[in-house]
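Trainee: using only what follows, build the 3D model:
(one chain, ligands or ions: 1)
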Amino acid sequence: MVYVTRREVFSASHRLYNDTLTAEENISLYDKCANSYGHGHNFILEVVVCGEIEQKSGYVIDLKILKKIIQDIIIKKVDHHHLNYEVDFLKDIIPTAENICIAFWKELYHKIPVGKLYSVKLFETENNYVEYRGE
Ligand code: NI
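Mentor: Numbers count the residues shown, from 1 in each chain. Presented below is the predicted three-dimensional model:
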(Lines give C-alpha, C1' and ligand atoms only; values in the text may rest on other atoms or scores of the structure.)
Protein backbone atom coordinates (compact mmCIF):
# COMPACT_ATOMS: atom_id res chain seq x y z
CA MET A 1 0.00 0.00 0.00
CA VAL A 2 1.30 3.44 -0.96
CA TYR A 3 0.04 6.75 0.45
CA VAL A 4 -0.22 9.79 -1.81
CA THR A 5 -0.82 13.29 -0.42
CA ARG A 6 -2.13 16.41 -2.10
CA ARG A 7 -1.90 19.71 -0.20
CA GLU A 8 -4.18 22.66 -0.93
CA VAL A 9 -4.52 26.01 0.82
CA PHE A 10 -7.52 28.25 1.21
CA SER A 11 -8.52 31.37 3.11
CA ALA A 12 -11.83 31.44 4.90
CA SER A 13 -13.56 32.92 7.89
CA HIS A 14 -15.58 31.24 10.58
CA ARG A 15 -17.23 31.94 13.89
CA LEU A 16 -17.46 29.43 16.72
CA TYR A 17 -20.86 29.81 18.30
CA ASN A 18 -23.37 27.30 19.64
CA ASP A 19 -26.91 28.62 19.22
CA THR A 20 -28.24 26.42 22.02
CA LEU A 21 -26.04 28.24 24.55
CA THR A 22 -26.26 31.77 25.91
CA ALA A 23 -23.95 34.54 24.71
CA GLU A 24 -22.07 34.30 28.00
CA GLU A 25 -21.68 30.55 27.74
CA ASN A 26 -20.38 30.93 24.19
CA ILE A 27 -17.77 33.47 25.28
CA SER A 28 -16.73 31.22 28.12
CA LEU A 29 -16.45 28.26 25.71
CA TYR A 30 -14.96 29.90 22.62
CA ASP A 31 -13.55 33.20 23.93
CA LYS A 32 -12.76 35.61 21.05
CA CYS A 33 -13.59 32.90 18.46
CA ALA A 34 -17.26 33.65 19.33
CA ASN A 35 -16.97 37.33 18.28
CA SER A 36 -19.89 38.30 16.10
CA TYR A 37 -18.28 38.68 12.68
CA GLY A 38 -15.93 35.76 12.93
CA HIS A 39 -12.27 35.73 11.99
CA GLY A 40 -10.11 34.33 9.22
CA HIS A 41 -7.51 31.63 8.77
CA ASN A 42 -5.23 30.51 6.01
CA PHE A 43 -6.17 26.85 6.19
CA ILE A 44 -4.02 24.05 4.82
CA LEU A 45 -5.81 20.90 3.70
CA GLU A 46 -3.98 17.61 3.16
CA VAL A 47 -5.79 14.75 1.49
CA VAL A 48 -4.18 11.31 1.54
CA VAL A 49 -5.24 8.56 -0.87
CA CYS A 50 -3.88 5.03 -0.47
CA GLY A 51 -3.76 2.17 -2.90
CA GLU A 52 -1.62 -0.08 -5.02
CA ILE A 53 0.56 1.25 -7.81
CA GLU A 54 -0.92 0.78 -11.26
CA GLN A 55 1.60 -1.00 -13.48
CA LYS A 56 1.08 1.08 -16.60
CA SER A 57 1.31 4.58 -15.08
CA GLY A 58 3.38 3.89 -11.98
CA TYR A 59 0.82 5.98 -10.06
CA VAL A 60 -1.54 5.16 -7.21
CA ILE A 61 -3.62 8.12 -8.39
CA ASP A 62 -2.69 10.81 -10.88
CA LEU A 63 -2.14 13.89 -8.69
CA LYS A 64 -3.54 16.15 -11.42
CA ILE A 65 -6.83 14.27 -11.04
CA LEU A 66 -6.73 14.38 -7.23
CA LYS A 67 -5.96 18.11 -7.36
CA LYS A 68 -8.95 18.78 -9.63
CA ILE A 69 -11.31 16.76 -7.40
CA ILE A 70 -10.23 18.65 -4.27
CA GLN A 71 -10.47 21.98 -6.09
CA ASP A 72 -13.94 21.28 -7.49
CA ILE A 73 -15.49 19.66 -4.43
CA ILE A 74 -13.88 21.69 -1.62
CA ILE A 75 -11.63 24.61 -2.48
CA LYS A 76 -13.93 26.44 -4.91
CA LYS A 77 -16.70 26.32 -2.32
CA VAL A 78 -14.71 27.44 0.73
CA ASP A 79 -11.91 29.74 -0.50
CA HIS A 80 -12.69 33.37 0.41
CA HIS A 81 -16.02 32.38 1.91
CA HIS A 82 -17.54 32.48 5.36
CA LEU A 83 -17.80 28.88 6.52
CA ASN A 84 -20.82 29.51 8.77
CA TYR A 85 -23.04 31.01 6.08
CA GLU A 86 -21.82 30.37 2.56
CA VAL A 87 -21.00 26.68 2.19
CA ASP A 88 -23.88 24.27 1.53
CA PHE A 89 -22.26 21.19 3.09
CA LEU A 90 -21.24 23.06 6.27
CA LYS A 91 -24.75 24.27 7.07
CA ASP A 92 -25.91 23.53 10.62
CA ILE A 93 -22.54 22.54 12.04
CA ILE A 94 -20.26 24.53 14.34
CA PRO A 95 -17.28 25.06 12.01
CA THR A 96 -14.49 23.93 14.29
CA ALA A 97 -11.50 22.40 12.51
CA GLU A 98 -12.77 19.00 13.72
CA ASN A 99 -16.22 19.40 12.17
CA ILE A 100 -14.90 20.94 8.95
CA CYS A 101 -12.43 18.08 8.55
CA ILE A 102 -15.19 15.44 8.88
CA ALA A 103 -17.41 17.37 6.44
CA PHE A 104 -14.57 17.45 3.89
CA TRP A 105 -14.07 13.70 4.32
CA LYS A 106 -17.76 13.05 3.63
CA GLU A 107 -17.67 15.22 0.51
CA LEU A 108 -14.55 13.54 -0.86
CA TYR A 109 -15.01 9.90 0.15
CA HIS A 110 -17.10 8.64 -2.77
CA LYS A 111 -15.43 10.91 -5.32
CA ILE A 112 -11.97 9.30 -5.29
CA PRO A 113 -11.80 7.30 -8.56
CA VAL A 114 -8.91 4.95 -7.69
CA GLY A 115 -7.45 3.83 -4.41
CA LYS A 116 -9.20 4.86 -1.22
CA LEU A 117 -9.42 8.02 0.84
CA TYR A 118 -7.13 7.39 3.81
CA SER A 119 -7.04 10.66 5.72
CA VAL A 120 -8.02 14.30 5.67
CA LYS A 121 -5.88 16.75 7.65
CA LEU A 122 -6.83 20.34 8.25
CA PHE A 123 -4.31 22.84 9.59
CA GLU A 124 -6.00 25.85 11.13
CA THR A 125 -2.77 27.49 12.29
CA GLU A 126 0.89 26.63 12.11
CA ASN A 127 0.57 24.76 15.39
CA ASN A 128 -2.94 23.32 15.34
CA TYR A 129 -4.33 20.69 13.03
CA VAL A 130 -6.86 17.89 13.10
CA GLU A 131 -6.95 14.64 11.19
CA TYR A 132 -9.86 12.36 10.31
CA ARG A 133 -9.60 8.84 8.94
CA GLY A 134 -13.26 7.93 8.81
CA GLU A 135 -13.22 5.80 11.95
NI1 NI B 1 -10.68 30.12 14.11
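Trainee: residue 63 - nearest residue in space that isn't next to it in sequence?
Mentor: residue 6 (5.9 Å; CB to CB, 6 or more residues apart in numbering). (Each C-beta comes from the backbone N, C-alpha and C, glycine too.)
Trainee: in this structure the one you found contacts residue 60, no?
Mentor: No - if you go by CB atoms under 8 Å, residue 6 and residue 60 don't touch, sitting 11.4 Å apart.
Trainee: max-length helix in the protein?
Mentor: The single longest helix within the chain, with elements called by DSSP state H, is helix 97-109.
Trainee: and residue 48, what element?
Mentor: Using DSSP states H and E, the element containing residue 48 is strand 39-51.
Trainee: who are the packing partners of the helix or strand that the longest helix of the chain is followed by?
Mentor: Counting by DSSP H and E, the next helix or strand C-terminal to helix 97-109 is strand 116-123. Counting contacts by 3 or more CB pairs under 8 Å, 6 or more residues apart in numbering; DSSP states H and E, strand 116-123 packs against strand 39-51, helix 97-109, strand 129-132.
Trainee: mind checking which of those is nearest residue 20?
Mentor: Each of these has some distance to residue 20 by CB to CB; the shortest is helix 97-109, at 15.1 Å.
Trainee: while we're on residue 37, how confident is the model there?
Mentor: For residue 37, the model assigns a pLDDT of 88.
Trainee: that one reaches residue 14, doesn't it?
Mentor: No - in this structure, residue 37 is not within contact of residue 14 by CB under 8 Å, at 10.6 Å.
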